[in-house]
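Chemist: Have a look; sequence and predicted model below, questions after that.
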Amino acid sequence: MKAVRTIAELRNEIQNLKSSNEKKTVGLVPTMGYLHEGHASLIRAAKEKTDIVVVSIFVNPIQFGPGEDFETYPRDEQRDLAAAEKAGADLVFLPSVETMYPKATKTKIAVSEVTSGLCGASRPGHFDGVTTVVAKLFNIVQPDAAFFGMKDAQQVAVIQQMVYDLNFNVNIVPCAIIREEDGLALSSRNVYLSTEERKQALVLSRSLREAKEALEDGQIRTAGEAKAFLTAKIMDSPLADIDYVEVAAFPALTPLAEGENVLEQNGAVLMALAVKFGRTRLIDNSLLHPKGE
């Protein structure tokens, strides 16, 4: 595995790896570092589906809003390099902010509608930063496939929409949420949680699991009932501060009307949560499929 820091180096190394066969495929795993098993699962998926795996590690300043944790976002380069190599990466791209944004960027990519709810509502401008940096990475790496975790299901939907609308020649591969044994969705931000906050954060995966079971058992049926069920379960945890609880069509992310039957939809339905425990904002979700799918 090689680590490179400039765009020219990265492109040269990709060409070197393709020199024996131009038909070798390239897989990209974009990350903000502080790699965990969730990232490792993406790298392994890329290794299975493509010939050359590029992992980018870049804490992207333009997707952080005022008062968010850009300066304190966890970083550990040596740990990340070891984790990427162990998972099977061929190249790791470690650009500086100056490499990615040598001048103040005057061009941003904004996806509408899909970004209006969920995290897009509480983090204005966040997804403009995500789509802009991902588009830059696609242009730099020219991957055949890019791998994203479904923990941030809205991000997956937004990237898919951008790729479709702008005719990027890249296949977006959504990958399953990876959880701790106790159910907590893996996140680089989990390191912020105190012992008690982490314990109480388990309510997120538990409430989603119980809501899914209640829907399948017919105890609840509508989107309004599902949201009320989730909200009540989460509020049982004293430290939980709910940002949103939503039930929406996926990937359009159009919220279901309160009276709509969740399991009678024509496509997939996303139950999505964002909840703060202390200073740490966590997201989680469950993707439901209609009968017969």
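Modeler: Happy to help now that I have it. Small disclaimer: the values here were computed from a predicted structure and weren't measured. Numbers count the residues shown, from 1 in each chain.

Chemist: which residues does Met150 contact?
Modeler: By C-beta atoms under 8 Å, 6 or more residues apart in numbering, the contact list for Met150 reads Val156, Pro174, Cys175, Ala176, Ile177, Asn285, Leu287. For every residue, glycine as well, the C-beta is placed using N, CA and C.

Chemist: from memory Asp165 sits against Val111, does it?
Modeler: Yes - the pair Asp165 / Val111 is scored as a contact, 7.5 Å apart, by C-beta atoms under 8 Å.

Chemist: Just the buried subset of the contacts of Met150, please.
Modeler: Listed as buried from the contacts of Met150 are Val156, Pro174, Cys175, Ile177, Asn285, Leu287; burial here means 16 or more other C-beta atoms under 10 Å.

Chemist: Quick check: phi and psi on Ala254?
Modeler: Careful, residue 254 is Thr; it's not Ala. phi -80, psi 120 (degrees, to the nearest 10).

Chemist: In what element of secondary structure is the closest residue to it other than its chain neighbours found?
Modeler: Of all residues not flanking Thr254 in the chain, Ala248 sits nearest, at 6.0 Å (C-beta to C-beta, 6 or more residues apart in numbering). Taking DSSP states H and E as the criterion, the element that holds Ala248 is strand 240-250.

Chemist: burial of Leu202, as a residue count?
Modeler: 14 (other C-beta atoms under 10 Å).

Chemist: residues contacting it?
Modeler: By C-beta under 8 Å, 6+ apart, the contact set of Leu202 is Asp182, Gly183, Leu184.

Chemist: Dump those residues to a markdown table, plus neighbour count and pLDDT.
Modeler: A markdown table is the format used below for the contacts of Leu202 (neighbours: other C-beta atoms under 10 Å; pLDDT from 0 to 100):
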| residue | neighbour count | pLDDT |
| --- | --- | --- |
| Asp182 | 11 | 95 |
| Gly183 | 15 | 97 |
| Leu184 | 20 | 97 |
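
Chemist: Would you mind measuring from the residue nearest to the spatial centre of the chain to Thr31?
Modeler: With distances taken as C-alpha atoms, centre = their mean, the chain has Asp152 as the residue nearest its mean C-alpha position (3.4 Å). For Asp152, the distance to Thr31 (C-beta to C-beta, to the nearest Å) stands at 12 Å.

Chemist: which of the buried ones among the contacts of Met150 sit farthest apart?
Modeler: The distance between the two most remote of the buried ones among the contacts of Met150 (C-beta to C-beta) is 13.6 Å, for Cys175 and Asn285.

Chemist: follow-up on the earlier one: flag every buried residue along the strand holding Ala248.
Modeler: For strand 240-250, by 16+ other C-beta under 10 Å, it's Ala240, Asp243, Tyr244, Val245, Glu246, Val247, Ala248, Ala249, Phe250.

Chemist: which one of the residues you listed is nearest Asp76?
Modeler: For those, the nearest to Asp76 is Asp243 (27.3 Å; C-beta to C-beta).

Chemist: How about the contacts made by that closest one?
Modeler: Ser122, Ala274, Val275, Lys276, Arg281.

Chemist: Swap in 10 Å and give it another go.
Modeler: Leu118, Cys119, Ala121, Ser122, Arg123, Leu273, Ala274, Val275, Lys276, Arg281, Leu282, Ile283 (C-beta atoms under 10 Å, 6 or more residues apart in numbering).

Chemist: Kindly supply the PyMOL command isolating those of those that are buried.
Modeler: Under the burial definition 16+ other C-beta under 10 Å, those of the contacts of Asp243 that qualify are selected in PyMOL by:
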select buried, resi 118+119+123+273+274+275+281+282+283
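
Chemist: Can you name the two of the contacts of Asp243 that sit furthest apart?
Modeler: For the contacts of Asp243, and using C-beta to C-beta, no pair is farther apart than Ala121 and Leu282, which are 16.6 Å apart.

Chemist: As a check, name the ranges of all helices in the stretch 101-250 of the chain.
Modeler: Applying DSSP state H, counting those that start in this stretch to the stretch 101-250 of the chain gives helices spanning 119-122, 126-141, 153-166, 195-201, 203-217, 223-235.
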